[in-house]
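Novice: fold the stuff below for me.
(one chain, ligands or ions: 1)
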Amino acid sequence: MINAASKTTLIREVGIAHPTIAIPKHVAVIMDGNGRWAKRRSLPRFVGHQEGAKTLKEIIRCCKDWGIKILTVYAFSTENWNRPQGEIEFLMRLFKQLLVSELEEMQQEGVRIRFIGELNGLPDSLQAIANTAMLATQNNQAVILNVAINYGGRNEIVRACRQLAYDVKLGKIQPEEIEANLFEQYLDTCELSDPDLLIRTSGEMRLSNFLLWQLAYTEIYVTDTLWPDFKRVEFERAILAYQQRDRRFGKV
Ligand code: FPP
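Specialist: Reported below is the predicted structural model:
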C-alpha cells in the first residue's frame, strides 16, 4: 500500500494523472459556458449546446477509461426555465434526440442512464424517452451517467423532507429516528455515493444550486475552459489536481 507522501511525490514526478492512484469514484460536473463558447464565435447559443453534447460524450468515454464509476452532469436546472422559450425548447429537443440517438452506443459501452430532478415537470415526450433510456440501460455496469434535469438542490431537499414527513405521518418512521443516513435515503441520489470531485467549467466560483447536500466534502475544481472545449486533456488535468488534494473530511 502506497503512503500519502510517496503518492504525492509520484504524482508530481510523473506530472500527469496516475491511472491507479486515488481515482475518484464519482465525478460531478457543472457543464457551463456553452453560450459563451458560441458567442465568441458569433454563433447562435444552440450551437454551443450541440458542441457541449459532443464534449459530454467524450467525458463519458474518459470516465470509462479511467474506471470512474459515476458521472453526474447538470443538464438543466430548476432556474433554467427562466431562459428564452426558444432556448428551452431547443434544449428539450436536444435531450430527446440524444437519449434516442445515443442509446445503442450507451448499451454497447455499458453506460447506465439515470436521472435526478423533478422528471414529472418535464414535457411528457421527454419523460417517456427518459424512462425508456433508464429501463433499457438499468443493468449496465461500466459507468452510471446520472443526468440532473429540472434539478435544483433546494428543490431536491424540500421534496425529500416532504416525503419523509408523509412517512412520519403514516407512522413508518419516528421523528427521533431521523438522522443524516436516513435522510439521504430520500434524496434523488439515494443509491449513489457522494461526489469525490466537482468540476465546474468556464470560471464561475459557485455551486448554482447543484447537489447542495451531496457536495459537503467534495473536492472542487474550477477551470476557465468553456464546456465545449473541455476535452480529454482538460479532464485529465482535473483528475491530476484531485490526486494532489489531501482529503481530510474534517479530521487533522
Ligand atoms: C450551460 O451553459 C449548459 C446548459 C444549460 C445545457 C447543457 C446541456 C448539454 C451539454 C447537453 C447534454 C445532454 C444530455 C442528454 C445530458 P450556458 O448556456 O449556461 O452557457 P453560458 O453561461 O456561457 O451562457
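Novice: which stretches in this protein count as strands?
Specialist: Using DSSP state E, the strands found in the chain span residues 26-30, 70-77, 111-116, 143-151, 197-200, 219-222.
Novice: what's the local residue count around the closest residue to N140 other than its chain neighbours?
Specialist: Counting by CB to CB, 6 or more residues apart in numbering, the nearest residue to N140 once its immediate chain neighbours are dropped is R112, at 4.1 Å. To be clear about C-beta, it is placed using only N, CA and C from the backbone, and glycine gets the same treatment. Burial measure for R112: 21 neighbouring residues, criterion other CB atoms under 10 Å.
Novice: so R112 makes contact with A136?
Specialist: No - applying CB atoms under 8 Å as the test, R112 and A136 come out as separate, 9.6 Å apart.
Novice: circling back: Throw the strands of the chain into a markdown table and include mean pLDDT and distance to the ligand, thanks.
Specialist: Below are the strands of the chain laid out as a markdown table (pLDDT from 0 to 100; distance: least, CB to the nearest ligand atom, whole Å):
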| stretch | mean pLDDT | distance to the ligand |
| --- | --- | --- |
| strand 26-30 | 98 | 8 |
| strand 70-77 | 98 | 4 |
| strand 111-116 | 98 | 9 |
| strand 143-151 | 98 | 5 |
| strand 197-200 | 98 | 11 |
| strand 219-222 | 98 | 14 |
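Novice: E118: what's it in contact with?
Specialist: For E118, the residues meeting the contact criterion (CB atoms under 8 Å, 6 or more residues apart in numbering) are 78, 150-151, 155, 159.
Novice: redo that, cut-off 6 Å
Specialist: For E118, the residues meeting the contact criterion (CB atoms under 6 Å, 6 or more residues apart in numbering) are N150.
Novice: can I get the strands of the chain in CSV with distance to A128?
Specialist: Shown next, in CSV, are the strands of the chain (distance: least, CB to CB, whole Å):
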stretch, distance to A128
strand 26-30, 26
strand 70-77, 17
strand 111-116, 13
strand 143-151, 14
strand 197-200, 31
strand 219-222, 35
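Novice: which one of those strands lies closest to I173?
Specialist: Relative to I173, the nearest member of the strands of the chain by CB to CB is strand 111-116, separated by 22.5 Å.
Novice: in its sheet, what does the closest one sit against?
Specialist: strand 143-151 (parallel) (DSSP bridges).
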